[in-house]
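Enquirer: Sequence and predicted model, in that order:
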Amino acid sequence: MTTVPLSAPPDDLTDTEVARLRRLAARSHAVITAAQQPGGAYPACTSFSAYAGYAWFRDGAFTAEGISRYGDVASADAFHDWCARVLASRADAVRDLVRRAGTAEPPTVKEMLPTRFTYAGDAGQDPWWDFQTDGYGMWLWAVLAHARRHRRPLHAWLPAIETAVDYLCAFWDRPCYDWWEEHVEHRHVSTLGAIAGGLAAAADSGHLDPDRADAARRAVAGIRSLVAAEGTVDGHLAKWLGADAVDGSLPACIVPFGLVPVGSPVASATLAAVQRDLDVDGGVHRFRADVFYGGGQWPLLSALLGWNHAAAGDTASAWRHLRWIAAHADSHDELPEQVADDLLHPEHRQEWLDRWGPVAAPLLWSHGMYLILADELGLLDSRPQDFS
């Protein structure tokens, strides 16, 4: 079994550590596929009280990207099949939502597509911060990246892709909850970036009809103009339009979603601002005001920032993030949602422990992001693997 060369490994990286990092990649694949449901859904975390029984397009899109890069085509296919069924079952509802988008009585927040679904693809019955558009853009990007990487036919997924494109073209500029299920009153730059990334991938795929492709490109152009005018401050991307704070999700606007080009002044300033305000020793916080479990560091955000550093040619920083993530795997080589080494607001940790119990672990999104960064640094096998 051949492997690609490691990408500029640090001088102190030993063969023993390389083997350990590769074992964590294999363990990440095992954790994800063991939790994957028979219908294809990737649960967020099967053991966490608030997440058990539910799957998100957002978490799943990145998890599927990691699995696709690892070479498990069947697992990624099954997830995308599940997403396509979820959207196909709502095609009529989306057509009605789109029809009403420009009327005097547009759809209410409660009428919009949910952000999380049961494993069977139904809307959840528990109260949740449910109107988020980012996941639909992320799924478009992920399914098209997977299809291109493994030369998968798109005909089974195309109706759902068209439904997602129509939905996002109609509602991309509407305020909604962000990646963290907060602040429904704002238009979040990371959300806009995910939508732009998905719509651009769909428009460039060559599989949309001309009218849809044109609509997608117009939406992407509108997003770029809006973010340039209202979503940047001091030369870097901001948490939401008109804000001056940054968010750990903002690097996704560079890689993978391409809202701003790698190496551009805005991209470089954004990475620098995130590193300055949110990165501590390789672990990345969500945002400075974060009180969720005291505001810890998130392995998935460390992987995202590392992915961006790798794309920008800063492999030393990328390795630093990968090693930090690996150092925070537990004795079973499982990765949590966040770690408590450097809490921003420790006085709030106990209230969340009392409310929801211990931090979610293993979080499939964390493992999926580890696989992505490991692949960027040459730690994954170079050939598609047979998991049948």
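Expert: Perfect, I can see it now. Numbers count the residues shown, from 1 in each chain.

Enquirer: where do the helices sit along the stretch 151-300 of the chain?
Expert: Secondary structure of the stretch 151-300 of the chain, counting by DSSP state H, counting those that start in this stretch: helices at 158-171, 189-204, 210-230, 265-278, 299-311.

Enquirer: looking at these, which is closest to R20?
Expert: Of all the helices of the stretch 151-300 of the chain, helix 299-311 sits nearest to R20, with 15.7 Å by C-beta to C-beta. Just so you know, the C-beta spots here come from the backbone N, C-alpha and C atoms, and that holds for glycine as well.

Enquirer: what about the closest residue to E162 other than its chain neighbours, how many neighbours?
Expert: Spatial nearest neighbour of E162, excluding adjacent residues (C-beta to C-beta, 6 or more residues apart in numbering): R212 at 6.3 Å. Number of residues near R212 (other C-beta atoms under 10 Å) recorded here: 18.

Enquirer: any idea how far T33 is from R212?
Expert: Here R212 is placed at a distance of 34 Å from T33 (C-beta to C-beta, to the nearest Å).

Enquirer: re the thing from before, residues in contact with the residue nearest to E162?
Expert: Contacts for R212 (C-beta atoms under 8 Å, 6 or more residues apart in numbering) come out as E162, V165, D166, C169, A202, A203.

Enquirer: mind checking pLDDT for the last one?
Expert: Read it as A203. Here, the pLDDT recorded for A203 equals 98.

Enquirer: Tell me how many other residues surround the nearest residue to it once chain neighbours are set aside.
Expert: Using C-beta to C-beta, 6+ apart and skipping the chain neighbours, the partner closest in space to A203 is A216 (4.0 Å). Applying other C-beta under 10 Å, we find 27 residues neighbouring A216.

Enquirer: and of the helices of the stretch 151-300 of the chain, who's closest to G248?
Expert: helix 299-311 (4.0 Å).

Enquirer: can you give me the angle that closest one makes with helix 265-278?
Expert: Calculated by axes from the mean of the first three to the mean of the last three C-alpha atoms, to 10 degrees, helix 299-311 forms an angle of 140 degrees with helix 265-278.

Enquirer: in the helix or strand just after helix 299-311, what's buried?
Expert: Per DSSP states H and E, helix 299-311 leads on to helix 315-327 as the next helix or strand towards the C-terminus. Counting neighbours by 16 or more other C-beta atoms under 10 Å, one finds that the buried residues in helix 315-327 are T315, S317, A318, W319, R320, H321, L322, R323, W324, I325, A326.

Enquirer: coming back round to it: please dump the contacts of R212 into CSV; it should also carry distance to G53 and neighbour count for every row.
Expert: Shown next, in CSV, are the contacts of R212 (distance: C-beta to C-beta, whole Å; neighbours: other C-beta atoms under 10 Å):
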residue, distance to G53, neighbour count
E162, 29, 18
V165, 29, 23
D166, 29, 19
C169, 31, 22
A202, 30, 28
A203, 35, 21
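
Enquirer: can you tell me which two in these are farthest apart?
Expert: Farthest apart among the contacts of R212 by C-beta to C-beta are D166 and A203. That separation is 12.8 Å.

Enquirer: what about the spatially closest residue to N308 that is not a sequence neighbour, distance to D173?
Expert: Among residues not flanking N308 along the chain, P251 sits closest, at 4.2 Å (C-beta to C-beta, 6+ apart). Plainly put, P251 is 22 Å away from D173 if you go by C-beta to C-beta.

Enquirer: Between the two, which has more neighbouring residues?
Expert: Higher neighbour count among P251 and D173: P251, with 29 against 14, using other C-beta under 10 Å.

Enquirer: So the more buried one is in contact with V274, correct?
Expert: Yes: using C-beta atoms under 8 Å, P251 makes contact with V274 at a distance of 6.1 Å.

Enquirer: Skipping adjacent residues, who's closest to W324 in space?
Expert: W324 sits nearest to G282 (C-beta to C-beta, 6+ apart), 3.1 Å away.

Enquirer: Next, find the distance separating that neighbour from C253.
Expert: For G282, the distance to C253 equals 21 Å [C-beta to C-beta].

Enquirer: Show me which of these two is the more surrounded one.
Expert: Between G282 and C253, counted using other C-beta under 10 Å, the more crowded position is C253 (28 against 20).

Enquirer: residue ranges with poor pLDDT in the stretch 151-300 of the chain?
Expert: Scanning the stretch 151-300 of the chain for pLDDT under 70 picks out nothing.

Enquirer: Now do the same contact list for the closest residue to V284 other than its chain neighbours.
Expert: Distance criterion C-beta to C-beta, 6+ apart; nearest residue to V284, sequence neighbours excluded, is L301 at 3.9 Å. Residues near L301 by C-beta under 8 Å, 6+ apart: G248, S249, L278, V284, H285, R286.

Enquirer: gap between L301 and F62?
Expert: Using C-beta to C-beta, one obtains 11 Å as the distance from L301 to F62.

Enquirer: State the number of residues packed around the spatially closest residue to G197 that is not a sequence neighbour.
Expert: Once flanking residues are discounted, G197 sits nearest to F257: 2.8 Å by C-beta to C-beta, 6+ apart. By the measure other C-beta under 10 Å, the count of residues near F257 is 24.
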